[in-house]
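S.K.: Take this sequence and fold it.
(one chain, ligands or ions: 1)
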Amino acid sequence: MQKFKKLYEIQHCYICHAPLTAKNYTIDHEPPRGRVGVSAQLPCCAKCNHDKGMLTADEYAIYKVFNAVRCGNKNPEYIEFLQQIISTLKQRRR
Ligand SMILES: [Zn+2]
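M.R.: So this is what the prediction gives:
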């Protein structure tokens, strides 16, 4: 029943907001297990979960920003995605 329910609930990756399917669905621990703090379990796509590794969500966001600058990625959707991350980080620091 639990599995059946999952197919009908459209969930999105909490990092990149990609829709999650049975193939790419993973649970990320934020902060990662082994780091300081109590981990929350969040739905995450397999790619973000793998890329993120032992980084926290904030560290991963910074890593993505640096990577985009380094690669000169000018995809408007990607730039918008990064701006969203940066504004989320700014709000959290207030
Ligand atoms: Zn993702």
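S.K.: Need the single longest helix in the chain, by residues.
M.R.: For the chain, the helix that runs over the most residues, judged by DSSP state H, is helix 76-93.
S.K.: who does it touch, helix- and strand-wise?
M.R.: Where contact means 3 or more C-beta pairs under 8 Å, 6 or more residues apart in numbering; DSSP states H and E, helix 76-93 is packed against helix 57-71. Heads up, the C-betas are built off the backbone N, CA and C, glycines and all.
S.K.: Now do Ala18 against Gly72, distance only.
M.R.: 23 Å (C-beta to C-beta, to the nearest Å).
S.K.: These two - which one has more neighbours?
M.R.: Between Ala18 and Gly72, counted using other C-beta atoms under 10 Å, the more crowded position is Ala18 (14 against 6).
S.K.: Find the residue at the geometric middle of the protein.
M.R.: Centrality entry for the chain: nearest residue to the mean C-alpha point is Ile15, 2.1 Å, by C-alpha atoms, centre = their mean.
S.K.: three-state assignment of that one?
M.R.: coil (DSSP: H, G, I helix; E, B strand; the rest coil).
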